[in-house]
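Chemist: Return a 3D structure for these sequence lines:
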Amino acid sequence: MRDIIRKIHRRHAIEIFIYLLVGGTAWVVQTSVYIIAMRASIFPSVAMILGNLCGVFVAYFGHVKFTFKKAHRFSRREFIKYFVTGAFGLCINVLGVRLITKVLLLNPVYAIIPTVLTPGVTFLISKFWAFKTI
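Modeler: Modelled structure (predicted):
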């Protein structure tokens with residue numbers, strides 16, 4: 001019984017580690033697009049939307065290929081569910097941008113901070129709903 005529990009824990013630990021690597025790559029893409037868009041004088045919320053969309057595509061393909069290792073290639077149904085998950089994450093990020101730039105009146109560069117919190121929420125939604133890997 002202990003061996004089974006260890007195997008399950010190990011599998012989940014590896015899955016979370018890979019999720020963080022893939023998510024970190026998506027975050028770098030998202031943040032890069034956000035910063036480039038900001039430098040191009042695009043409104044901060046719009047810049048976050050553009051960055052988030054790019055990050056969602058990178059994350060989806062990375063999670064299918066590496067994190068959740070689906071036996072099949074790509075599923076339209078899973079992509080739509082993951083896109084909904086990404087939209088939820090986007091809402092969290094855009095609310096963070098609005099809070100930081102409009103309420104706290106801080107530099108838009110600080111809007112990157114809330115994007116670090118979003119992956120935990122989207123991991124759980126991805127695992128138990130979008131990709132259903134229990």
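
Chemist: Output the contacting helices and strands for the helix or strand that contains V29.
Modeler: In this structure, V29 sits in helix 2-39 according to DSSP states H and E. When contacts are defined as 3 or more CB pairs under 8 Å, 6 or more residues apart in numbering; DSSP states H and E, helix 2-39 sits against helix 44-62, helix 118-125. In short, each C-beta sits where N, CA and C put it, glycine included.

Chemist: Going by mean pLDDT, which of those comes out lowest?
Modeler: Among the helices and strands packed on helix 2-39, helix 118-125 carries the lowest mean pLDDT, at a mean of 81.

Chemist: show me the contacts for N107.
Modeler: For N107, the contact set (CB atoms under 8 Å, 6 or more residues apart in numbering) is empty.

Chemist: Return the set of buried residues in stretch 91-111.
Modeler: Neighbour-count burial for stretch 91-111, with 16 or more other CB atoms under 10 Å as criterion, is recorded at 93-94, 96-97, 100-101, 108, 111.

Chemist: can I get the residues you listed in CSV with distance to A47?
Modeler: Formatted as CSV, these follow (distance: CB to CB, whole Å):
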residue, distance to A47
N93, 11
V94, 10
G96, 13
V97, 8
I100, 13
T101, 10
P108, 8
A111, 9
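
Chemist: among the helices and strands packed on helix 2-39, which is nearest A13?
Modeler: helix 118-125 (13.0 Å; CB to CB).

Chemist: tilt between the helix holding V29 and helix 118-125?
Modeler: Angle of helix 2-39 versus helix 118-125, following axes from the mean of the first three to the mean of the last three CA atoms, to 10 degrees, is 130 degrees.

Chemist: Before I go, just wanted to say thanks for your time.
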